[in-house]
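Asker: Predicted model, plus sequence, below.
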Amino acid sequence: MDLNFNKNEDHNKLLLSELKQKFAKVKLGGGEKRIKKLHAEGKMTARERIEYLLDENSKCIEIGGFVGEGMYAEHGGCPSGGVVIKIGYIRGKQCIVVANDATVKAGAWFPITAKKNLRAQEIAMENRLPIIYLVDSAGVYLPLQDEIFPDKEHFGRIFRNNAQMSSIGITQIAAVMGSCVAGGAYLPIMSDEALIVDKTGSIFLAGSYLVKAAIGETIDNETLGGATTHCEISGVTDYKAKDDKDALDKIKNIVDKIGEYDKAGYSRTKAEKPTLEPKDIYGILPKARNEQYDMMEIINRLVDNSEFEAYKDGYGQTIITGYARIDGWAVGIVANQRKVVKTKKGEMQFGGVIYSDSADKATRFIANCNQKKIPLVFLQDVTGFMVGSKSEHGGIIKDGAKMVNAVSNSVVPKFTVIVGNSYGAGNYAMCGKAYDPRLIFAWPSAELAVMGGTQAAKVLAQIEASSLKAKGEIIDEAKEAELFNKIKARYDEQTSPYYAASRLWTDAIIDPLDTRTWISMGIEAANHAPIQKPFNLGVIQV
C-alpha cells in the first residue's frame, strides 16, 4: 500500500469514528436522566422496545437516525426527530417499526418529526411493508404548531396515509405504550389492530385538565382513556397488555400469522462476498473531494465475487454502467467515474463530470434495466454536467434531459449511495432525493450542494465585495480573504452529510462497509411490491 492510501485510510477512519461518536450521543435521546425516569415508570425506551420486538441477532437498518441534528436549539433540540424508525424482521417477516421517543419532549411532534413519520409511511407504501407504530407521544409541540399542523405534508397527512395503506392491504399495527392525545389519537385507531398497555397507556382527544376546563367534568386520565376503558367500554382498542414486553409479544404473535406476499420477482441467487477486501475502500476513497480515483475499485469491493459486467465500457466513460449482484440480488449499477479518462478521439474528460456521451449511455442502460426488471443502484460522486460552448453546441442539455427523464420514469426500484460529491444537476441525474429512490444514504465522505464550497464561496464573496464597494467601503485583499473564509465556512457546514441527514435529504449516514446490507434489505423490501406500470420514457428530444 502506498503513502496516499494510508493517508486516505486514516482520514476516512477518522470520519467513521466521528460518525460513531455522534450516533452514540443520538441514541441517548433526551438524555440519561430522562431514560432513568422512563424506567422508573415501568416503561422501556423507544430503542429498547424496537430491540425487543425485532428478531434477535437479525439484520436491521435505521432510517433518519440523525434527523433533527443541530436543529431547534432554542427549543432544547430534537434528537433523532423524537422518533426511532427501523426496518428489520419480526418472526422472520420484514417490517418497518416507528417508535416515539418519550425522552424527547415527552415524545412531542416537532415539524421534522412529522416529516420523518411520513418518510416511514412512504417506505411502507412503496414497498408494501407491514408497519408497526409504538405510540408514546404528548402530541404536537405547540410552540411550533404553525409548522406542523395545516399543510399538505404536515401532521394530518399521517392519518390520510393510515387510511390509504389500509385500503390497499398494508398491515398496520399500533401499540399505545404511553400518552396518545388529541389528533394523535387517530393514528392507532386508524391502524388495522390496536393494543394498549394497562396503567401506562392512555388515549383521549382531551385530557382530564382540558375536560375540566371545557365542560366542567372532573375525571382522572385512567378512567377517561385508560386500557380498561378502551378495551372493555369504548371498544376503541383490541388488546390489553400488562406491560411493554407483553404488548410487544402480542405484536410478534400477530405478525407471525400474516400470510405470504405477492413478489415483484427480482432475481436473487446465493449471496457471495466480494473477493477483494471491502476495507480497502477506506484507503481508495480520497481525503480531498477534488482528487481523482477509479470508481471501479470501489465497485469491485461492493459486489458479489467482485464480478462486474460492464455495459458500453469504452463509451461515455465518465459514467460506469453495468450488471452485478449484491448479496445475491441482481442489480444494474450507474456510477460516476472519478478518474480522468481519454476518449478514442484523444480528448480528455474530467472525472465526476457528466458529458453528453455518458448521459446517453446511462439513459440507454436505465431503459435496459427496466426492460429486464433489474433494480438500479446509483453511486454518486458527481460535480455536475460539462459546461462550455463545445458541450452546449453538442446538446448537453438535451442529453442530460434524456437521462433525467429515464431516472424519473424508471419503474424498477432505485437505490442511491452518495459516496462523495453530489452537486447541482448531477444530483438530479444520478437519482437524488427528488427522484424517489427507495432508499438514499450517504457515506461520511459525502457532500451535497448546488456546487462545491470553494467555487460557491468565490462567487458569493465577489458579489458581497461588489456590494460593499458600491456603498463606498474599501475592500483590500485581507478583507476579501475574510469575506471568502466566512462564506466558505458557512457553506461547508451546509454541504456536510449531517446537515443533509438532519433534514432527511438522505435516510442515513453509514459506514461504507454497511452498503451491501442497506441495498440488500432495500431490494428485499421492494420485492414485496410488484411493478404496477410499464416503463415509458414519454416525449424526449432525440
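Answerer: That came through fine. Quantities reported herein were computed from a predicted structural model and do not represent experimental measurements.
Asker: Check which residues of stretch 313-327 are buried.
Answerer: By neighbour count on 16 or more other CB atoms under 10 Å, the buried set for stretch 313-327 is 316-327. (Glycine included, C-beta is placed from N, CA and C.)
Asker: export the helix or strand that contains Asn8 as CSV, just CAs?
Answerer: Element membership of Asn8, judged by DSSP states H and E, is helix 3-26. Output of helix 3-26 as CSV, limited to C-alpha atoms (Å, rounded to 0.1, in the frame of the first residue of the first chain):
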residue,chain,number,x,y,z
LEU,A,3,1.5,6.5,1.4
ASN,A,4,-1.5,8.1,-0.2
PHE,A,5,-3.6,5.0,0.5
ASN,A,6,-2.5,5.2,4.2
LYS,A,7,-3.4,8.9,4.4
ASN,A,8,-6.8,8.3,2.8
GLU,A,9,-7.4,5.4,5.2
ASP,A,10,-6.6,7.4,8.3
HIS,A,11,-8.8,10.3,7.1
ASN,A,12,-11.8,8.1,6.3
LYS,A,13,-11.5,6.1,9.5
LEU,A,14,-11.5,9.4,11.5
LEU,A,15,-14.7,10.3,9.7
LEU,A,16,-16.1,6.9,10.6
SER,A,17,-15.1,7.4,14.3
GLU,A,18,-16.8,10.8,14.3
LEU,A,19,-19.9,9.1,12.9
LYS,A,20,-20.0,6.5,15.6
GLN,A,21,-19.4,9.1,18.4
LYS,A,22,-22.2,11.3,17.1
PHE,A,23,-24.6,8.4,16.8
ALA,A,24,-23.8,7.2,20.3
LYS,A,25,-25.0,10.6,21.6
VAL,A,26,-28.1,10.5,19.4
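Asker: List the buried residues for it?
Answerer: Those would be 8-9, 11-12, 15-16, 19, 22, 26, for helix 3-26 by 16+ other CB under 10 Å.
Asker: Ok, stretch 490-510 next?
Answerer: Of the residues in stretch 490-510, those buried (16+ other CB under 10 Å) are 491-492, 495-510.
Asker: How about stretch 342-356?
Answerer: For stretch 342-356, burial by neighbour count (16+ other CB under 10 Å) applies to 349, 351-356.
Asker: Mark which of those residues are part of helices, please.
Answerer: Residues of the buried residues of stretch 342-356 located in helices (DSSP state H): Ser356.
Asker: wait, what's in contact with the closest residue to Lys7 other than its chain neighbours?
Answerer: In space, and not counting its chain neighbours, Lys7 is closest to Lys287: 6.0 Å by CB to CB, 6 or more residues apart in numbering. Residues in contact with Lys287, defined by CB atoms under 8 Å, 6 or more residues apart in numbering, are 7-8, 11-12.
Asker: quick one: Lys287 and Asn8, what's the gap?
Answerer: Distance of Lys287 to Asn8, computed by CB to CB, to the nearest Å: 5 Å.
Asker: what number of residues lie near Thr275?
Answerer: Using other CB atoms under 10 Å, Thr275 has 12 other residues around it.
Asker: Check what pLDDT it gets.
Answerer: Reading off the confidence values, Thr275 has pLDDT 98.
Asker: count of neighbours near the nearest residue to it once chain neighbours are set aside?
Answerer: Using CB to CB, 6+ apart and skipping residues adjacent in sequence, the residue nearest Thr275 is Ser306, 4.4 Å away. By other CB under 10 Å, the residues close to Ser306 number 17.
Asker: was I right about Ser306 contacting Pro278?
Answerer: No: contact criterion CB atoms under 8 Å: Ser306 and Pro278 do not qualify, at 9.7 Å.
Asker: wait, what's in contact with Val181?
Answerer: Applying CB under 8 Å, 6+ apart to Val181 gives the contacts 137-139, 202-207.
Asker: Which members of these come out as buried by neighbour count?
Answerer: Members of those classed as buried by 16+ other CB under 10 Å are 137-139, 202-204, 206-207.
Asker: neighbours around the closest residue to Gly30 other than its chain neighbours, how many?
Answerer: Counting by CB to CB, 6+ apart, Gly30 lies nearest to Thr103, which is 3.3 Å off, once chain neighbours are set aside. Burial of Thr103 is recorded as 24 neighbouring residues (other CB under 10 Å).
Asker: part of a helix, is Thr103?
Answerer: No: when classified by DSSP: H, G, I helix; E, B strand; the rest coil, Thr103 is found to be coil rather than part of a helix.
Asker: quick revisit: the buried residues of stretch 490-510 in strands, which ones?
Answerer: Judged by DSSP state E, these include 508-509 as members of strands.
Asker: Could you give the bridge partners of Tyr323?
Answerer: On the basis of DSSP bridges, Tyr323 takes part in beta bridges with Glu309, Gly332.
Asker: mind listing what it touches?
Answerer: Residues near Tyr323 by CB under 8 Å, 6+ apart: 308-309, 311, 330-333, 374.
Asker: and those residues, which are buried?
Answerer: Of those, these count as buried by 16+ other CB under 10 Å: 308, 311, 330-333, 374.
Asker: between those residues, which is nearest Phe415?
Answerer: Taking CB to CB as the measure, Phe415 lies nearest Val331 of the buried ones among the contacts of Tyr323, at 8.1 Å.
Asker: The closest one touches Pro375, doesn't it?
Answerer: Yes: with contact defined as CB under 8 Å, Val331 and Pro375 form a contacting pair (5.5 Å).
Asker: joint contacts of those two?
Answerer: Ile523.
Asker: List the contacts of stretch 344-361.
Answerer: Counting by CB under 8 Å, 6+ apart, 292-293, 311-312, 314-319, 321, 336-343, 381-386, 391, 394-396, 399-400, 402-403, 420-421, 426, 429 sit against stretch 344-361.
Asker: For the buried residues of stretch 313-327, give me JSON lines that also has distance to Gln164.
Answerer: JSON lines is the format used below for the buried residues of stretch 313-327 (distance: CB to CB, whole Å):
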{"residue": "Gly316", "distance to Gln164": "41"}
{"residue": "Gln317", "distance to Gln164": "44"}
{"residue": "Thr318", "distance to Gln164": "41"}
{"residue": "Ile319", "distance to Gln164": "37"}
{"residue": "Ile320", "distance to Gln164": "39"}
{"residue": "Thr321", "distance to Gln164": "36"}
{"residue": "Gly322", "distance to Gln164": "38"}
{"residue": "Tyr323", "distance to Gln164": "35"}
{"residue": "Ala324", "distance to Gln164": "35"}
{"residue": "Arg325", "distance to Gln164": "34"}
{"residue": "Ile326", "distance to Gln164": "31"}
{"residue": "Asp327", "distance to Gln164": "31"}
